[in-house]
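Here's my sequence, what's the structure:
(one chain, ligands or ions: 1)
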Amino acid sequence: MSTSSPPPLRCGSCGATYADRWRCECGHPLDYAEQPLPDRAAPDPASFDARDGLWSFAEFIPESPTVTLGEGMTPLVDAPAWDAQFKLEYVFPSGSFKDRGATTMLSRAAALGVDTVVEDSSGNAGAAVATYAARAGIDAEIYVPASVKEAKLAAIRRAGAATVETEGPRQATTDACVAAVEAGAGWYASHAWNPAFFAGTATFAYETALQRDWDAPDAVVLPLGHGTLFLGVYRGFRALQQAGWTDSVPRLLGVQAAGAAPIVEALHGEAAAAGENDAADGIQIAEPVRKRQILDAVDDTDGDAIALGADAVDAALDDLHAAGFYTESTSAVAPAALSVYRDRDVLGPDDDVVVPLTGSGLKR
Ligand SMILES: [Zn+2]
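Residues are numbered from 1 along each chain as shown. Sure thing, here's the model as predicted:
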């Protein structure tokens with residue numbers, strides 16, 4: 001496998017730089033030292049060549065497209081019953097938006113000459129990493145909670161990845177995985193820690209902007225666990241604005257699972273975050289590693305976060321399916337939250353809203 005040098009990483013907390021490392025010596029998550037930006041004005045959207053999917057936006061992406069399955073340019077469609085546009089993120093090779101991050105992260109791993117990647121996941125990220133590792137010819141070991149959905153486990157195993165099931169809460173899976181990484185099991189292909197993953201999820205913003213003729217929406221309402229999509233969307237729209245391709249950054253309105261809602265707790269207190277929601281299995285994250293960055297993004301975009309229980313999610317899922325959107329249950333938190341944000345007048349009737357539908361119903 002070819003070994004060029006991918007771009008260096010930097011710690012936003014202490015300023016240390018590294019050629020590659022999964023987290024800073026000081027314990028904080030790393031990011032790219034530099035966000036690449038195009039050196040041209042926004043091209044005519046009608047003639048923009050999008051045949052390379054999300055890699056059509058290579059000008060904004062720090063990695064090279066070494067490991068790709070032609071992913072991205074997911075449909076952005078009108079959803080009249082919700083008075084919003086839905087971006088169909090379940091239209092990806094492994095059935096979720098996590099492929100955005102997997103193609104960029106496994107491309108980095110391949111450039112580094114990595115033999116084995118290790119990841120912990122509630123299912124979708126594990127399936128994405130296993131799928132792209134298979135494409136790259138890299139071995140993968142995926143740590144999953146024992147409660148993982150069978151269809152997600154099958155997707156991981158059928159791609160040839162080894163799986164390690166852990167009992168207990170979602171955090172126990174991460175702890176076991178980190179222990180394995182520290183013991184030298186492999187390169188930590190983490191959707192929570194690895195900055196290459198976020199460079200991939202940022203392409204959501206580039207695609208959405210192109211599909212709207214370089215007009216950013218007023219708001220994006222989206223699920224919020226580790227913030228892999230939330231921070232990617234934020235970084236992408238910021239980069240577009242810095243490049244002068246769009247004029248504004250949308251408000252980022254997150255939704256968390258009641259009972260696993262640390263961002264809501266930080267913003268609105270313990271009572272607003274309390275409850276239970278086992279329907280949203282994809283966002284049961286008690287301690288997001290980029291919590292500070294998520295709170296900064298909320299602050300910077302006049303955003304917000306709310307927590308929802310399972311009942312609201314189940315009802316929204318039925319509505320989605322009945323309208324032809326065959327998603328998994330975690331995807332339904334965002335349309336459910338859209339109604340709540342409108343009821344609370346956080347969103348007005350004239351606000352132009354985009355909602356990602358993050359994962360396929362085929363993996364339920
Ligand atoms: Zn540091």
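
correct me, but Phe92 touches Ala102?
No. Between Phe92 and Ala102 there is no contact under Cβ atoms under 8 Å: 9.1 Å. (Glycine included, C-beta is placed from N, CA and C.)

so what sits against both of these two?
Listed as contacting both Phe92 and Ala102 by Cβ atoms under 8 Å, 6 or more residues apart in numbering are Ala128.

which of the two has more neighbours?
The neighbour count for Phe92 versus Ala102, taken as other Cβ atoms under 10 Å, is higher for Ala102 (38 against 26).

For Asp215, the count of nearby residues, please.
13.

next one: Arg51
By other Cβ under 10 Å, 8 other residues sit near Arg51.

Wait, a strand at it?
No. In this structure, Arg51 is coil, not part of a strand, as judged by DSSP: H, G, I helix; E, B strand; the rest coil.

From the ion, how far off is it?
To the ion, Arg51 is 40 Å away according to Cβ to the ion, to the nearest Å.

Ok, Glu276 next?
36 Å.

Tell me who's in contact with that residue.
Counting by Cβ under 8 Å, 6+ apart, Glu276 touches Ala258, Gly259, Gly309, Ala310.

What parts of the stretch 51-200 of the chain come near the ion?
Counting by Cβ under 5 Å from the ion, no residue of the stretch 51-200 of the chain lies close to the ion.

Next, count neighbours for Lys291.
Lys291, neighbours per other Cβ under 10 Å, totals 16.

Tell me how many other residues surround Asp115.
11.

and it, how far is that from Ala272?
Remark: distance between Asp115 and Ala272 (Cβ to Cβ, to the nearest Å) = 45 Å.

hey, where'd the strands end up in the stretch 1-150 of the chain?
Using DSSP state E, counting those that start in this stretch, the strands of the stretch 1-150 of the chain run over 9-11, 17-18, 30-32, 76-79, 84-88, 116-120, 139-145.

what's the spacing between the longest one and its chain's center?
The gap between where strand 139-145 is centred and where its chain is centred comes out at 18 Å by Cα atoms, centre = their mean, to the nearest Å.

do the same with the second one
Using Cα atoms, centre = their mean, we find the averaged C-alpha position of strand 17-18 to lie 24 Å away from the chain's own average C-alpha position.

Can you spell out which helices and strands pack onto that strand?
strand 9-11 (3 or more Cβ pairs under 8 Å, 6 or more residues apart in numbering; DSSP states H and E).

and the longest helix along the chain, which residues are buried?
Assignment by DSSP state H gives helix 228-243 as the longest helix of the chain. Neighbour counts using 16 or more other Cβ atoms under 10 Å place 228-241, 243 of helix 228-243 among the buried residues.

Pick out whichever of those sits closest to the ion.
Leu231 (17.7 Å; Cβ to the ion).

Quick check: the closest one touching Arg290?
Yes. Using Cβ under 8 Å, Leu231 is in contact with Arg290, at 6.1 Å.

For the stretch 151-300 of the chain, just list every one of the helices.
For the stretch 151-300 of the chain, the helices defined by DSSP state H, counting those that start in this stretch cover 170-182, 195-201, 203-211, 228-243, 262-268, 270-273, 291-300.

Output the ones you listed in JSON lines; the columns should cover mean pLDDT.
Listed next are the helices of the stretch 151-300 of the chain as JSON lines, based on pLDDT from 0 to 100:
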{"stretch": "helix 170-182", "mean pLDDT": "93"}
{"stretch": "helix 195-201", "mean pLDDT": "98"}
{"stretch": "helix 203-211", "mean pLDDT": "98"}
{"stretch": "helix 228-243", "mean pLDDT": "98"}
{"stretch": "helix 262-268", "mean pLDDT": "97"}
{"stretch": "helix 270-273", "mean pLDDT": "93"}
{"stretch": "helix 291-300", "mean pLDDT": "98"}
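
Mind checking these for the one nearest to Thr68?
When the helices of the stretch 151-300 of the chain are compared by Cβ to Cβ, helix 195-201 sits nearest Thr68, at 10.7 Å.

distance of Ala155 from the ion?
Plainly put, Ala155 is 35 Å away from the ion if you go by Cβ to the ion.
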